[in-house]
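Visitor: One predicted model, sequence on top.
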Amino acid sequence: MSDHMPGLPGPAPDPTTEGYWLAAGRGELVVQVCRACGTHRHPPTEACYVCNSLDWTWDPHDGRGTVYTYTWTDRPVVPALAHLGVYNVSVVELEGTTGVVRILSRVTGVDRDELVVGLPVEVHFDPAGDDVALPVFRPRVSD
Amino acid sequence: MLEVRNQAAIVGIGAVPFGRRGEFAEQGLVRLAIEAITAACDDAGIRPKDVDGYSSYYSSVEPAELMTAFGAERLRYASQTWGGGGASMCGAFQNAAMAVATDQADFVVVHKVATMEANKRYGQAFGQIGQGVPAVGGPFAFSVPYGLQSPGQMFALAVRRHMHLYGTTSEQMAHVAINAREMARSNPNARFREPITVDDHQASAMVADPLRLFDFCMESDYGCAVVIASAQRARDLRHAPAYIAAASAGAPFRFGNALMSFYNQPDLDFASSGHRVVAEELFRLSGLAITDMDAAMVYDHFTGMVLMALEDFGFCAKGEGGPYAAAGNLGLDGPLPVNTHGGNLAEAYTHGMTHVNEAVRQIRGTAINQIDGATNVLVVGGAGPAPTSGMILTGAR
């Protein structure tokens, strides 16, 4: 269960994804990387889409990126979530990766007119259950 | 190379009267399917027990149930294509065409039925996934915990990117909804028949910014069915055949589970309806071009995705969908009339089946907004995760 968005579930790790979620729980962002060719990919999956190698590991990332696209949810999707009010769901493109890595997330601490495509953001974490957290983003304060 | 082009035809179409969300809940899906298939068989001039093949998409009424219900002497073909909702719908027609063209079935039915109890609304599609559970796994672990839980939000992400890249506006999207209402005015089966203006659209509630209420289709209960037979058989049946010139289901590079849990598509396809490869395939397989089309029935669950489908199929250049629609090109007087029945936005939401029925009516010459001499009609399946789909029907073999 998300601490900041009560009523929304947390992520349930599986053998492929637990490295990502547990790292977030420790306050670290990691991205899956192919050991054979160095291509980053997300969400985590078994094979590299470039070289098809099954050999992969986790690469630490500094959590800097820009907003690729977003939507504001003005009406609750289900009545049980009405208490969440208006919130955004945003796609953040990470900087400095080999190959495109975009993460679906949320940008916190922004008013409606402040959230724009291209906004520089940095990662922080929203605890979402035992040992795991959701990477979320906020506007970058400095370069 | 064996060619399926024009070797199969739609010979019967049927539908039960459209209902509001949840209206047919007590009737149930099997009853709706039986009624719709019976109507389609009546239209074709065959008996339901003559149906020996079923080709489905995203269906829960199985051939096992239907062949028994109708007392079919034998079942020879049964398949269901991959994909969710109506994105892959034309894949069911692709499979049906291949089956009858290769003599693996006499009459194949594609059917789709739905009834929505209050807790199973499309608009809440994966909103239900996270209800009352502490955590969700699989691909949804990367979207549902963030509150991405509905098709409206999914497609809003593509629309926002399209607005950013090409300057598309909400006012331009309004013209898709305006056109749907205009087409539905004379359609007695349509739910929304009152004209709307850009101002009406702009005054409608914001739901999933940038999508407003009038950018959304309705939710309907429905039952629809279509009968497909070989071109040879089709000649002896009641109506002029609507030949399947081509049907395709596919997707471009890395399209994957687009918008639902995957967001790494190249810009060209992220801000698209996902039909670039399907469009190439349809024109290649049919030998026809977009300029040969007399009308287009484009799955219109969300206005913005129609603009992107227009681009994917080459109605206009990439990024020009907004200005193209706003210039009035979707209407009956335009170069390629779109959704002459009123579509999902104004008639009913049927996961694409009514788009097929309307394409057939145009070819038969029996549409309410009939286009003189309509011969080639493009049908476009829904934008959504891979595979998306499309089909070209033709009256000229």
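Guide: That came in fine, so what should we check first?
Visitor: how close does the residue in the stretch 251-397 of chain B that chain A sits nearest to get to A:H40?
Guide: Minimum separation of the stretch 251-397 of chain B from chain A (Cβ to the nearest Cβ) falls at B:Y263, amounting to 4.2 Å. C-beta here means a position set from N, CA and C on the backbone, and glycine is covered the same way. Using Cβ to Cβ, to the nearest Å, B:Y263 is found at 14 Å from A:H40.
Visitor: do the same with B:C90
Guide: From B:C90 over to A:H40 (counting by Cβ to Cβ), the distance is 35 Å.
Visitor: higher neighbour count, the two?
Guide: Set B:C90 next to A:H40 and count neighbours by other Cβ atoms under 10 Å in any protein chain shown: B:C90 wins out with 34 against 19.
Visitor: Please look at the more buried one and B:L393 and confirm they touch.
Guide: No. Counting by Cβ atoms under 8 Å, B:C90 does not reach B:L393; the two are 10.3 Å apart.
Visitor: Common neighbours of the two, please.
Guide: B:V379 (Cβ atoms under 8 Å, 6 or more residues apart in numbering or on different chains).
Visitor: residues touching A:T69, list them.
Guide: A:T69 touches A:90-91, A:117, B:157-158, B:160-161, B:164, B:270, counting by Cβ under 8 Å, 6+ apart.
Visitor: so can I have JSON lines of the residues you listed showing distance to B:Y58?
Guide: As requested, the contacts of A:T69 are exported to JSON lines (distance: Cβ to Cβ, whole Å):
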{"residue": "A:S90", "distance to B:Y58": "29"}
{"residue": "A:V91", "distance to B:Y58": "26"}
{"residue": "A:V117", "distance to B:Y58": "32"}
{"residue": "B:L157", "distance to B:Y58": "22"}
{"residue": "B:A158", "distance to B:Y58": "20"}
{"residue": "B:R160", "distance to B:Y58": "27"}
{"residue": "B:R161", "distance to B:Y58": "26"}
{"residue": "B:H164", "distance to B:Y58": "31"}
{"residue": "B:F270", "distance to B:Y58": "23"}
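Visitor: Out of the residues you listed, name the ones that lie in strands.
Guide: Here DSSP state E is the test, and those give A:90-91 as lying in strands.
Visitor: pLDDT (mean, whole number) over the top strand by length along chain A?
Guide: In chain A, with assignment by DSSP E, the single longest strand is strand A:64-73. Per-region confidence: strand A:64-73 scores 98 on mean pLDDT.
Visitor: Within its sheet, name the partner strands of that strand and how each one runs.
Guide: Its sheet considered, strand A:64-73 pairs with strand A:87-94 (antiparallel), strand A:120-127 (antiparallel), strand B:206-209 (antiparallel) by DSSP bridges.
Visitor: can you give me the helices in chain A?
Guide: Counting by DSSP state H, chain A has helices at residues A:18-25.
Visitor: Quick one: low-confidence residue ranges for chain A.
Guide: A:1-2, A:143 (pLDDT under 70).
Visitor: could you point out the longest strand in chain B?
Guide: strand B:220-230.
Visitor: Name the residues that touch the following helix or strand past that strand?
Guide: Later in the chain than strand B:220-230, the nearest helix or strand by DSSP states H and E is helix B:231-234. Counting by Cβ under 8 Å, 6+ apart, helix B:231-234 makes contact with B:6-9, B:11, B:100-101, B:106-107, B:241, B:243, B:397, all of which sit outside it.
Visitor: Following element in sequence after helix B:231-234, please.
Guide: By DSSP H and E, the next helix or strand past helix B:231-234 is strand B:242-250.
Visitor: how about the strands in chain A?
Guide: A:10-11, A:29-34, A:40-41, A:56-61, A:64-73, A:87-94, A:102-105, A:120-127, A:133-139.
Visitor: so which of these is the most packed in?
Guide: Mean neighbour count (mean count of other Cβ atoms under 10 Å in any protein chain shown) peaks for strand A:10-11 among those, with a mean of 26.
Visitor: What about B:G152? Give its phi and psi, please.
Guide: phi -60, psi -40 (degrees, to the nearest 10).
Visitor: ChimeraX command to pick out the buried ones of the contacts of helix B:231-234?
Guide: Buried residues among these (16 or more other Cβ atoms under 10 Å in any protein chain shown), as a ChimeraX selection:
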select /B:6,7,8,9,11,100,101,106,107,241,243
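Visitor: Just the ones of the contacts of helix B:231-234 in strands?
Guide: Short answer: the contacts of helix B:231-234 in strands (DSSP E) are B:8-9, B:11, B:107, B:243.
Visitor: Need the max-distance pair from these.
Guide: B:F107 and B:Y243 (15.7 Å; Cβ to Cβ).
Visitor: of the contacts of A:T69, buried ones?
Guide: Buried among the contacts of A:T69 by 16+ other Cβ under 10 Å: A:90-91, A:117, B:157-158, B:160-161, B:164, B:270.
Visitor: Any chance you could list what contacts stretch A:34-46?
Guide: Identification of contacts with stretch A:34-46 by Cβ under 8 Å, 6+ apart yields A:16-17, A:19-20, A:31-33, A:48-51, A:53-57, A:59, A:94, A:97-99, A:101-103, B:139, B:142, B:261-262, B:264.
Visitor: Distance across that stretch, terminal residue to terminal residue?
Guide: Stretch A:34-46 has an end-to-end distance of 10 Å (Cα to Cα, to the nearest Å).
Visitor: Then stretch B:267-286?
Guide: For stretch B:267-286, the end-to-end distance is 28 Å (Cα to Cα).
Visitor: how far is that stretch from where the chain is centred?
Guide: Taking Cα atoms, centre = their mean, to the nearest Å, one finds the center of stretch B:267-286 at 15 Å from the center of the full chain.
Visitor: Pull out the buried residues from that stretch.
Guide: B:269-283, B:285-286.
Visitor: With stretch B:186-193 instead?
Guide: Buried residues in stretch B:186-193 (16+ other Cβ under 10 Å): B:187, B:190-193.
Visitor: cool, and stretch B:59-69?
Guide: B:59, B:61, B:63, B:66-67, B:69.
Visitor: any idea how far B:Y349 lies from A:G85?
Guide: B:Y349 sits 28 Å away from A:G85, taking Cβ to Cβ as the criterion.
Visitor: These two: which is more packed in?
Guide: More neighbours surround B:Y349 than the other of B:Y349 and A:G85, with 27 against 9 (other Cβ under 10 Å).
Visitor: The more buried one contacts B:C217, doesn't it?
Guide: Yes. If you go by Cβ under 8 Å, B:Y349 and B:C217 touch, sitting 4.7 Å apart.
Visitor: Just the buried residues of stretch B:267-286: which are in helices?
Guide: Using DSSP H, these in helices are B:269-270, B:276-283, B:285-286.
Visitor: could you dump those residues to JSON lines with pLDDT and distance to chain A?
Guide: Shown next, in JSON lines, are those (pLDDT from 0 to 100; distance: Cβ to the nearest Cβ, whole Å):
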{"residue": "B:D269", "pLDDT": "97", "distance to chain A": "12"}
{"residue": "B:F270", "pLDDT": "98", "distance to chain A": "8"}
{"residue": "B:R276", "pLDDT": "98", "distance to chain A": "17"}
{"residue": "B:V277", "pLDDT": "98", "distance to chain A": "17"}
{"residue": "B:V278", "pLDDT": "98", "distance to chain A": "21"}
{"residue": "B:A279", "pLDDT": "98", "distance to chain A": "23"}
{"residue": "B:E280", "pLDDT": "98", "distance to chain A": "21"}
{"residue": "B:E281", "pLDDT": "98", "distance to chain A": "22"}
{"residue": "B:L282", "pLDDT": "98", "distance to chain A": "26"}
{"residue": "B:F283", "pLDDT": "98", "distance to chain A": "28"}
{"residue": "B:L285", "pLDDT": "98", "distance to chain A": "27"}
{"residue": "B:S286", "pLDDT": "98", "distance to chain A": "31"}
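Visitor: Fine by me, thanks again.
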